[in-house]
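J.: Mind looking at a prediction? Sequence and model below.
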Amino acid sequence: MIATYRLQLSPEQDFAAVRALVPYLRDLGISHLYLSPSLQARTGSTHGYDVVDPTQVSEALGGEEGLRALAAEGLQIVLDIVPNHMGVSDENRWWADERERPRVFDYDPDDGWYRRFFDIDDLAGVRVEDPAVFELVHGKVLELVRDGVVDGLRVDHPDGLADPAGYLVRLHDAGAAHVWVEKILHTGERLRDWPVEGTVGYEFLNDAAALFVDPAGEAALARLPWAGEPFEEVAARAQLEQARTTFAREVERLRELLDVDGIPEALAALPVYRTYVEPWSGRVEGQDVRAIEAAADGRLADVLALRERGHDEFVTRFQQTSPPITAKGIEDTAFYRHLRLLALNEVGGDPARFGLSVDAFHAAGAARAERFPRGLLVTQTHDTKRSGDVRARIGALSTMAQEWAALAERWVREADAPDEHSAYLVLQTLVGCWPIEADRLEAYVEKALREAKLRTTWAAPDEAYEGAARRYARGLVESPPDGFVAFAERVAVEGRRAALGQLLLKLTVPGVPDVYQGDELEALSLVDPDNRRPVDWEARRAALARLLAGEAPRDYGERKLDLIRRALALRARRPGAFAGAYEPVDAGPGVCAYLRGGEVLAVVPVRGWQGARLAVPGRWRSVLDDGEAVDLGEGADVAALTGAWPVALLERA
């Protein structure tokens, strides 16, 4: 397995359209197509997560015949599946049938209550813990796996299931040998010992981004009055708000099962997305007990830790309820309120962690190599708050924090915005994605302010406030403040250097690199739906053809593409190296350098690296240019190794 390429399917980008892309993706070096959900979704679905018939492949995408034809093109397929929920409508015959509904769905026929997916009323939880329901939901998918049409599965939101561990064991035993889980891990949290290849890669994304964040810039950014309170306080308040409002119906259901104080407070205070206590087996791990006791005490803690028995349904439902409260409170609220450095406000990230040392990054890489060497590595997904290129630019503000703080303070004070929060949010975002069309920025601002839930919300939008914020955003694009363009261009230069560094890390550290659709050229995308815009495939085909013909990259985008295709060719050429050891190479605290299998050397300058040197025995040849082999046994300057690139990638000569 060399690399995956994530594609968002739609009626416009269906199986036939993807078939036409296969030659290009094969030339790029991709081994696996990574497809969004492809079973029958509701009419007009734009994403596929609202499945209404799991026994059929989507007719809108080309049906099973189209999927099998795509698989026959030669690239293997990783398929995104949705075991936690289905769309509820008359199109779903199991929901429409009053007898089938309580069998298939987590639904109470007496009062009509059902478990939702997050706060979405028309997505209902499925009882995949029941073997017959598991077979219903997975029969077609597992048939495709057995037939070799699908090689691997990406499991959406396993934390919503009653028994994630049991589910993954059943999936593995049914023949799914390659499974990745969309599991969000808090900083320092370990993925459980499940029969999976790993997660979808958010831990790597956040580590790579933090590696390029300069801790020296924290104080200057934190002093800005609109940067926000300490993130822990912002997050705690947002999670409790969600528990008491959006998820009040779920909390009330828990109270019906156990009449005890402190349920919403405990759900909000849990330091991880969920615990994995097993009432049916009595299994309680130490890390679960620690998480429970950090969030609850007294009888509630005793019940959750199984010290008081007889409340199995309560324990199970509590564990299913905490993930959406955490996600909506942190990712979809606090991340839009805390503005100190938006590059850190990313899925699975911790904005309180300002920067990461090279040694800490190496430690994470070594742990990944030991436990999950085939986990996915991402810098952008369909769920990220911004693309890797935008995140890298905003992260670069930490390296010029004093200057940015002074400029931002003046620009915010002079802003014709409805408040300082919206002014700073827009300014920081615009620095990251400059230049951008005004319509795109306006759409982002509306979503971001509604997610923040400070003065407007999805349920009760304040049209006057939003209108003022949109006008301010458009005005910034059309007539930026004095000095903005020159500063944004300098940020872009530093951001591109950091983005190429993070890209090389993704392509060479332990794990399987994933490229999000279109991200092989410069991608200045914001949160969805902005990151689902149509991709200019012809531009990418033409650029790759030029590079393969021996032409030099003409701009940053082509340099990014060149790095991807050269690194993936190296992975194909030296599979043993990338299946081998991950060995850090000392080049000082400002350079992340390491060997893969003793045959490949990656060198990524981070910050303060001028004058750094490294030594590795033997002769080495650059993968990124056609220079002569060099002997590194006596040491070499990092600057000499990188040359015209901001990074170096070498193979043993």
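T.: Cool, the structure landed.
J.: From now on I want contacts and neighbour counts done on CA atoms only, so please keep to that.
T.: OK.
J.: In the stretch 451-600 of the chain, where is pLDDT below threshold?
T.: Across the stretch 451-600 of the chain, nothing is flagged by pLDDT under 70.
J.: Tell me which stretches of it form strands.
T.: Here the stretch 451-600 of the chain has its strands, by DSSP state E, counting those that start in this stretch, at 512-516, 582-585, 591-596, 600-605.
J.: I'd like the ones you listed laid out as JSON lines, including distance to Glu489 and mean neighbour count.
T.: What follows is the strands of the stretch 451-600 of the chain, written out as JSON lines (distance: least, Cα to Cα, whole Å; neighbours: other Cα atoms under 10 Å):
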{"stretch": "strand 512-516", "distance to Glu489": "25", "mean neighbour count": "24"}
{"stretch": "strand 582-585", "distance to Glu489": "33", "mean neighbour count": "20"}
{"stretch": "strand 591-596", "distance to Glu489": "25", "mean neighbour count": "24"}
{"stretch": "strand 600-605", "distance to Glu489": "21", "mean neighbour count": "25"}
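J.: Nearest to Ala301 among the ones you listed would be which one?
T.: strand 512-516 (39.3 Å; Cα to Cα).
J.: Okay, now the sheet partners of the closest one, with direction.
T.: Its sheet considered, strand 512-516 pairs with strand 4-7 (parallel), strand 376-377 (parallel) by DSSP bridges.
J.: same question for the shortest one, mean pLDDT?
T.: Just to be clear, that refers to strand 376-377. Averaged over strand 376-377, pLDDT sits at 98.
J.: who's in contact with that strand?
T.: Residues from elsewhere that reach strand 376-377 (Cα atoms under 8 Å, 6 or more residues apart in numbering): 180, 198-202, 204-205, 506, 511-514.
J.: Off-centre distance for the helix or strand that that strand is followed by?
T.: Next helix or strand after strand 376-377 toward the C-terminus (DSSP states H and E): helix 388-396. Taking Cα atoms, centre = their mean, to the nearest Å, the mean C-alpha location of helix 388-396 is offset from the chain mean by 15 Å.
J.: now the stretch 151-300 of the chain, which segments are flagged as low pLDDT?
T.: In the stretch 151-300 of the chain, no residues with pLDDT under 70.
J.: Name the residues of stretch 260-274 that are buried.
T.: Buried residues in stretch 260-274, counted by 16 or more other Cα atoms under 10 Å: 262-274.
J.: Any idea how far apart the tips of stretch 349-359 sit?
T.: Terminal residues of stretch 349-359 lie 19 Å apart, using Cα to Cα, to the nearest Å.
J.: Mind listing what's buried along that stretch?
T.: Within stretch 349-359, the residues that count as buried by 16+ other Cα under 10 Å are 349-351, 353-359.
J.: same check, this time on stretch 616-624
T.: Of the residues in stretch 616-624, 616, 620-624 count as buried by neighbour count, 16+ other Cα under 10 Å.
J.: Let's see which of those end up in strands.
T.: Among those, the members found in strands (DSSP state E) are 620-622.
J.: Verify the stated contact: Ser58 with Glu64.
T.: Yes - applying Cα atoms under 8 Å, one finds Ser58 in contact with Glu64, separated by 7.4 Å.
J.: Have a look at these two and say which one is more surrounded.
T.: Legend: neighbour count by other Cα atoms under 10 Å for Ser58 and Glu64, higher for Ser58 (26 against 19).
J.: Contacts only, for the more buried one.
T.: Ser58 sits next to 38-41, 64 when contact means Cα under 8 Å, 6+ apart.
J.: next one: Cys592
T.: Shown in contact with Cys592 (Cα under 8 Å, 6+ apart): 358, 584-585, 603-606.
J.: mind redoing it with 6 Å?
T.: By Cα atoms under 6 Å, 6 or more residues apart in numbering, the contact set of Cys592 is 358, 604.
J.: For it, name its beta-bridge partners.
T.: Going by DSSP bridges, Cys592 forms beta bridges with Val604.
J.: for Ile30, helix, strand, or coil?
T.: Three-state assignment for Ile30 (DSSP: H, G, I helix; E, B strand; the rest coil): coil.
J.: and the angle for the longest helix along the chain with strand 512-516?
T.: Using DSSP state H to define each element, the chain has its longest helix at helix 484-508. Between helix 484-508 and strand 512-516, the angle comes out at 140 degrees (axes from the mean of the first three to the mean of the last three Cα atoms, to 10 degrees).
J.: Give me the buried positions along helix 484-508.
T.: Within helix 484-508, the residues scored as buried using 16+ other Cα under 10 Å are 484-485, 488, 491-492, 494-508.
J.: Which secondary structure elements does that helix sit against?
T.: With contacts taken as 3 or more Cα pairs under 6 Å, 6 or more residues apart in numbering; DSSP states H and E, helix 484-508 sits against helix 388-396.
J.: quick one: the strands in the stretch 151-300 of the chain?
T.: 152-155, 179-181, 198-199.
J.: any chance of those strands in JSON lines, plus mean neighbour count and distance to Val82?
T.: What follows is the strands of the stretch 151-300 of the chain, written out as JSON lines (neighbours: other Cα atoms under 10 Å; distance: least, Cα to Cα, whole Å):
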{"stretch": "strand 152-155", "mean neighbour count": "23", "distance to Val82": "6"}
{"stretch": "strand 179-181", "mean neighbour count": "24", "distance to Val82": "11"}
{"stretch": "strand 198-199", "mean neighbour count": "24", "distance to Val82": "15"}
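J.: okay, those strands in JSON lines with distance to Glu522 next?
T.: Output for the strands of the stretch 151-300 of the chain, formatted as JSON lines (distance: least, Cα to Cα, whole Å):
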{"stretch": "strand 152-155", "distance to Glu522": "26"}
{"stretch": "strand 179-181", "distance to Glu522": "27"}
{"stretch": "strand 198-199", "distance to Glu522": "25"}
